[in-house]
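**Student:** Just need the structure, nothing else, for what follows:
(4 chains)
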There are 2 protein chains.
Amino acid sequence: MSLRHALLGLLDVAPMSGYTLLKQFDRSVAYVWQAPHSQIYPELRRMEADGLIVGHAEPRGSHATRRTYSITIAGRDELRRWVEEPTAAQPERDIAHLKATYFEFGSFENARNQFRAHMLSHEQLQRKWEAHVESLLNRSTVLLKLRLSTAPPGMHEPIVAYKVHVYQGLVQRAKDEVAWAKAGLELVDHLEATCAATPFTAQAAI
Amino acid sequence: MSLRHALLGLLDVAPMSGYTLLKQFDRSVAYVWQAPHSQIYPELRRMEADGLIVGHAEPRGSHATRRTYSITIAGRDELRRWVEEPTAAQPERDIAHLKATYFEFGSFENARNQFRAHMLSHEQLQRKWEAHVESLLNRSTVLLKLRLSTAPPGMHEPIVAYKVHVYQGLVQRAKDEVAWAKAGLELVDHLEATCAATPFTAQAAI
DNA sequence: ACAGCCATGTAAGTCGTTACATGATTGC
DNA sequence: GCAATCATGTAACGACTTACATGGCTGT
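**Tutor:** This is a model prediction of the structure:
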């Protein structure tokens, strides 16, 4: 249940409405844990039911309401408990690598397209994460400013440093993926040059 | 629906019973796409219903049966279609990095433990993947031998090379994770040395 | 008036996890 | 006889995706 803790982390910075939370989420934690609004709104309701947050509704227009949530003591305890809990290893589940395992079923051109797309999307991720590292180092994001404004000065360095470390790690990871895809492109060139270019069509099937 | 295609890839090598499939799965594709038997058995039934594989039941003992599945032409077509289909980017969802983002909520000792555990588990993954690269290069796995024995010789190099490339990529990734965790440990040492060691306890909560 | 963003939800369906359940065969 | 491994499932629940649905506010 990581979405819950991602949200608790945000609400620990400041009380927020669902929508504001959503927007802040998209420009921070979503970089490591994505979730659509259709998952977030119901989760907030469940968290309120579990006493981790409290929401109070203000009228918005004639029919609609806006709910603003604040974290509770129980919520802070839960966040802390989760941070201190041992983290289970994530099950490996990687479509790009799975598919690459089976590239012999497609053409060389397909393998090239797949590697190229992989390269492009990870170059984009790299840029996004690099920009985030920058804004963390500048302490220029809304959320970080708010967080630092209420945290004891002695905690400022850790608060920033852990996040920077995370996003630098992701930048490195993206670079690797780009390098992997590039090496893949070279591999395809090599294979195409050395192999009889007959596409793989298999034997007897029912 | 990647599980389906992972299974099709195995059944393309040779017809197999559910259990054999399970075992071969665990020592090959599961390295990039994990799934428990409780997911695999029903999926095989669905694939049969969709005409991608055919199963025939043989009696086993007095009550039980063993079902052996073979891939169909439609199954091969579907596998090929999937390989040639553009691959959507995976949503980012990484508990270890999410949690590290919030390490300021725990103690320095906790951060150290988390980084250490991360390091150990990725060192293990690295060794597992390195061993797999070795056995692919030696062409010594059961599945690969079978595959090569029925594939045209001109395809042998691509079949092996794509898989080797995938697992080498994963080895590199694991090395990065280890390096990230090590840098994390150094960061914690640095933070502990430079910061007043007051654990972060936050302000007003309801 | 219309576009664009603010704002909050529901519903159906798929995918994945964890636990439960059962029986067969092989070798010691 | 017992343990290990072979072998195949079901059930309940939780997480996630995709699509549908509705209405408010602000500026042009």
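**Student:** Only C-alpha atoms from now on, for both contacts and neighbour counts.
**Tutor:** Fine.
**Student:** Which residues are in contact with A:Thr65?
**Tutor:** A:57-59 (CA atoms under 8 Å, 6 or more residues apart in numbering or on different chains).
**Student:** which neighbours does the helix or strand where it lies have in its sheet, and in what orientation?
**Tutor:** Assessed by DSSP states H and E, A:Thr65 sits inside strand A:64-71. Next to strand A:64-71 in the sheet, as set by DSSP bridges, lie strand A:16-17 (antiparallel), strand A:53-60 (antiparallel).
**Student:** which one of the ones you listed is the most hemmed in?
**Tutor:** Most buried of those, by mean neighbour count (mean count of other CA atoms under 10 Å in any protein chain shown): strand A:16-17, with a mean of 18.
**Student:** Next up, phi/psi of the residue nearest the centre of chain A, please.
**Tutor:** Centroid-nearest residue in chain A: A:Val32, 2.2 Å away (criterion: CA atoms, centre = their mean). Note on A:Val32: its backbone torsions stand at phi -120, psi -20 [degrees, to the nearest 10].
**Student:** about what we covered before: show me which of the contacts of A:Thr65 is closest to chain B.
**Tutor:** Nearest to chain B among the contacts of A:Thr65: A:Ala57, at 16.1 Å, using CA to the nearest CA.
**Student:** The closest residue to that closest one other than its chain neighbours: neighbour count?
**Tutor:** For A:Ala57, ignoring the flanking residues on the chain, the nearest one in space by CA to CA, 6 or more residues apart in numbering or on different chains is A:Arg67 at 4.3 Å. By other CA atoms under 10 Å in any protein chain shown, the residues close to A:Arg67 number 17.
**Student:** now swap in A:Glu134 and tell me
**Tutor:** 15.
**Student:** Please confirm that it is located within a strand.
**Tutor:** No - A:Glu134 sits outside any strand when classified using DSSP: H, G, I helix; E, B strand; the rest coil, being helix.
**Student:** for the strand holding A:Thr65, which positions count as buried?
**Tutor:** A:67-71 (16 or more other CA atoms under 10 Å in any protein chain shown).
**Student:** Just the pLDDT at the closest residue to A:Ile95 other than its chain neighbours, thanks.
**Tutor:** Of all residues beyond its chain neighbours, the one nearest A:Ile95 is B:Ser2 (6.9 Å), with distances taken as CA to CA, 6+ apart. If you check B:Ser2, the pLDDT there is 96.
**Student:** how close does B:Ser2 get to A:His5?
**Tutor:** To A:His5, B:Ser2 is 28 Å away according to CA to CA, to the nearest Å.
**Student:** List the residue ranges of chain A that fall below the pLDDT cut-off.
**Tutor:** A:196-206 (pLDDT under 70).
**Student:** quick one: is the helix ranked longest in chain A near chain B?
**Tutor:** Ranked by number of residues, the top helix in chain A under DSSP state H is helix A:153-194. Yes - for helix A:153-194, a contact with chain B is found by CA under 8 Å from any CA of the partner chain, at A:154-155, A:157-159, A:161-163, A:165-166, A:169, A:172-173, A:176-177, A:180, A:184, A:187, A:191.
**Student:** Buried among those residues? Make that a ChimeraX selection.
**Tutor:** Only the buried members of these end up in this ChimeraX selection, burial being decided by 16+ other CA under 10 Å:
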select /A:155,158,159,161,162,163,165,166,169,172,173,176,177,180,184,187,191
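**Student:** Cool, thanks, talk later.
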